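> would you be able to build a 3D model of this:
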Amino acid sequence: MAGLARSWRAPVPEQTDSQAPVPALLWRDSQFLRDWLNSRYHSFIDDLSPTFKAPSDAEALANLDGLVASGEDTLAVSYAQGLYLYSNSARVRDRAYRFLIQTWRREDNQYGLESLLATAFLHHDDDRVLPELALMLERQGLDTEALKLALVLHRSGRYTGQQVQLREQAMRLAIQADWPLTLHELTRELPAPERSGWRHLYLAEHYQVTPEPQDESVAPPVLAFWASLPEREHLTASAWLRQFHERYPGRWRWQDWPGGFAGELDRVNLHNPDLDRFYQRHRVAPDRPLALTVTGPVRLRLNARLLHQQRDSRLNDWLRVRHNGRAYRFPVLNSGVFNRHRIIGSDTEFPGRLAQVELELGPGQHQLSVAPEQHRALVQAEIETPAMFAASYLSAQNRDCFAAGAGRNRSATVSSRSRCP
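Here you go, the predicted structure:
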């Protein structure tokens, strides 16, 4: 565990003479998690510096309470970040930590929570936060990375009060990441009914096999849910999705929505050097919106970054979203370039601060388009999907998507058809 923890922390292999060296394979395998943690840690500490004169514990807590009482929420958060990072008092750090956790959970600020826990681990050497970090990785759809972390924590034996949850998370992630041998190993010592339930869940997830009757007292609840769903062919896509939403007992998470687009698409490759990963985004303009079709009920998230011509510029704009013929406007204020993201093949456009619009859409088919009113932007559409059975869920979306394009001219060019995965 100690060697693994060191491989997650330092940006380069560092160890003292008293420490066993970290194996090279382990170091390489930890690369993404190390980058992920460090990127969030550096986001937390940016623009923070210690005070010239450290206040007493009473003064520090009174200052924080005063900012909260006066409604200075932004200043209170920044002050709490500084206290948590630089205070020598465990009491002050604990108060600042609890305030930040409560504030960012109330605001549903997932990135803020990730940066706080990464700082707790990297800066304060607090490995109690690692189980929660494993859950955060899973929520982001990083199943393989979350599985590796959950396995290490479970096998370390150090989290005695969370062993059952860690094993269950590892089994769940082994299914989602399609690691059948790991699932076999994790379930080998389980009682036969429970072992059968988890292994049938793997078959249902990856091969759409209808599970045999299971003991519901020990089988994963999501397995009974899957067995009770009606056949998709017997319902419209919207009706089947409505039943899925009403009854699904598992976790939901955001996933890139690659299909259902119409019209010309300008896809660009974006490099994030902090994680050394590449992404595709849609480049849109006021006269070239991104048009897409989704089937409800569904939650959709539109992510937009205005494109800057200079890294030090500030931009204001409106994001115009059209839904079934009606237009809605969302302000994008004081957009700046606060990241190192780079568009491959372009040295004159820099993605600005992320702006998000979340839409909760009812049953039926929804035609949407999105574009800024003045500038160009990068846009990503995300759809909230179940952690289990996401492929079946998305295929129901695609059924209506294909139907929407079925009546189009078969000789039309690819760019003018409804685009589905």
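> quick one, phi psi at the residue nearest to S87 when sequence neighbours are not counted?
Excluding the flanking residues, the one nearest S87 by CB to CB, 6 or more residues apart in numbering is R93, at 5.2 Å. Every residue, glycine included, has its C-beta placed from N, CA and C. The phi/psi pair for R93 (degrees, to the nearest 10) reads phi -60, psi -40.
> thought R93 was touching Y86?
No. R93 sits out of contact with Y86 when judged by CB atoms under 8 Å, with a separation of 9.1 Å.
> higher neighbour count, these two?
Taking other CB atoms under 10 Å, R93 and Y86 do not tie; R93 has more neighbours (20 against 17).
> for D127, see how far away that one is.
Noted for R93: a distance of 16 Å to D127, by CB to CB, to the nearest Å.
> do G157 as well
Taking CB to CB, one finds G157 at 13 Å from D127.
> neighbour count for the two, which is higher?
Neighbours per residue (other CB under 10 Å) separate G157 from D127, with D127 holding more: 17 against 9.
> the nearest residue to N334 once chain neighbours are set aside: neighbour count?
Among residues not flanking N334 along the chain, R314 sits closest, at 5.6 Å (CB to CB, 6+ apart). Neighbours of R314 under the rule other CB under 10 Å: 14.
> residue contacts, R314?
334-336 (CB atoms under 8 Å, 6 or more residues apart in numbering).
> and of those, the nearest to S392?
Nearest to S392 among the contacts of R314: S335, at 38.0 Å, using CB to CB.
> beta partners of the closest one?
L315 (DSSP bridges).
> distance of it from L354?
9 Å.
> the two: who's more crowded?
Set side by side, S335 and L354 show more neighbours around S335, with 24 against 16, by other CB under 10 Å.
> wait, that one touches H308, no?
Yes. Between S335 and H308 there is a contact under CB under 8 Å: 7.4 Å.
> intersection of neighbour lists for these two?
The contact sets of S335 and H308 overlap at 315, 352 (CB under 8 Å, 6+ apart).
> so what touches stretch 140-150?
Applying CB under 8 Å, 6+ apart, the contact partners of stretch 140-150 are 29, 32-33, 36, 130-131, 133-135, 137-138, 166, 169-170, 173-174, 176-177, 179, 182, 253-255.
> go again using 7 Å as the cut-off
32-33, 130, 133-134, 137-138, 166, 169-170, 173-174, 176-177, 179, 253, 255 (CB atoms under 7 Å, 6 or more residues apart in numbering).
> just stretch 89-99 next, same as before
With CB under 7 Å, 6+ apart as the criterion, stretch 89-99 contacts 57, 60-61, 64, 80, 83-84, 87.
> out of those, which are inside helices?
57, 60-61, 64, 80, 83-84 (DSSP state H).
> where does I101 land on pLDDT?
According to the prediction, I101 has pLDDT 97.
> return the residues in contact with it.
I101 sits next to L116 when contact means CB under 7 Å, 6+ apart.
> report pLDDT for the residue nearest to S87.
pLDDT at R93 comes out at 96.
> low-scoring stretches of the stretch 151-300 of the chain, by residue?
Within the stretch 151-300 of the chain, the segments meeting pLDDT under 70 span 213-214.
> let me see the ranges of the helices in it.
For the stretch 151-300 of the chain, the helices defined by DSSP state H, counting those that start in this stretch occupy 163-176, 180-187, 192-207, 221-228, 237-247.
> I383: which of those helices is closest?
Using CB to CB, the helices of the stretch 151-300 of the chain put helix 237-247 closest to I383, at 11.2 Å.
> that closest one vs helix 221-228, what angle?
Counting by axes from the mean of the first three to the mean of the last three CA atoms, to 10 degrees, helix 237-247 lies at 150 degrees to helix 221-228.
> name the helices or strands packed onto helix 237-247?
Packing contacts for helix 237-247, counted by 3 or more CB pairs under 7 Å, 6 or more residues apart in numbering; DSSP states H and E, involve strand 290-308, strand 350-372, helix 390-406.
> what lines up beside the second one in the sheet?
What it means is strand 350-372. Strand 350-372 has its sheet partners listed here by DSSP bridges as strand 290-308 (antiparallel), strand 315-323 (antiparallel).
> model confidence over it, on average?
95.
> same check on the last one?
Confidence over helix 390-406, taken as the mean pLDDT, stands at 68.
> turn the ones in helices among the contacts of stretch 89-99 into a markdown table, including pLDDT.
Shown next, in a markdown table, are the ones in helices among the contacts of stretch 89-99 (pLDDT from 0 to 100):
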| residue | pLDDT |
| --- | --- |
| D57 | 93 |
| A60 | 94 |
| L61 | 95 |
| L64 | 95 |
| A80 | 96 |
| L83 | 95 |
| Y84 | 96 |
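> what would these look like in CSV with distance to Y41 and neighbour count?
Shown next, in CSV, are the ones in helices among the contacts of stretch 89-99 (distance: CB to CB, whole Å; neighbours: other CB atoms under 10 Å):
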residue, distance to Y41, neighbour count
D57, 25, 16
A60, 22, 23
L61, 25, 18
L64, 22, 21
A80, 16, 25
L83, 17, 25
Y84, 12, 24
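> and which of those residues is nearest to L100?
So of the ones in helices among the contacts of stretch 89-99, ranked by how close each gets to L100 (CB to CB), first place is A80, at 5.3 Å.
> contacting residues for that closest one?
A80 touches 64, 96, 99-100, counting by CB under 7 Å, 6+ apart.
> of those residues, which belong to strands?
Using DSSP state E, no member of those falls in strands.
> for these, give me CSV that also has distance to Y202.
Converted to CSV, these look like this (distance: CB to CB, whole Å):
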residue, distance to Y202
L64, 48
A96, 43
F99, 42
L100, 38
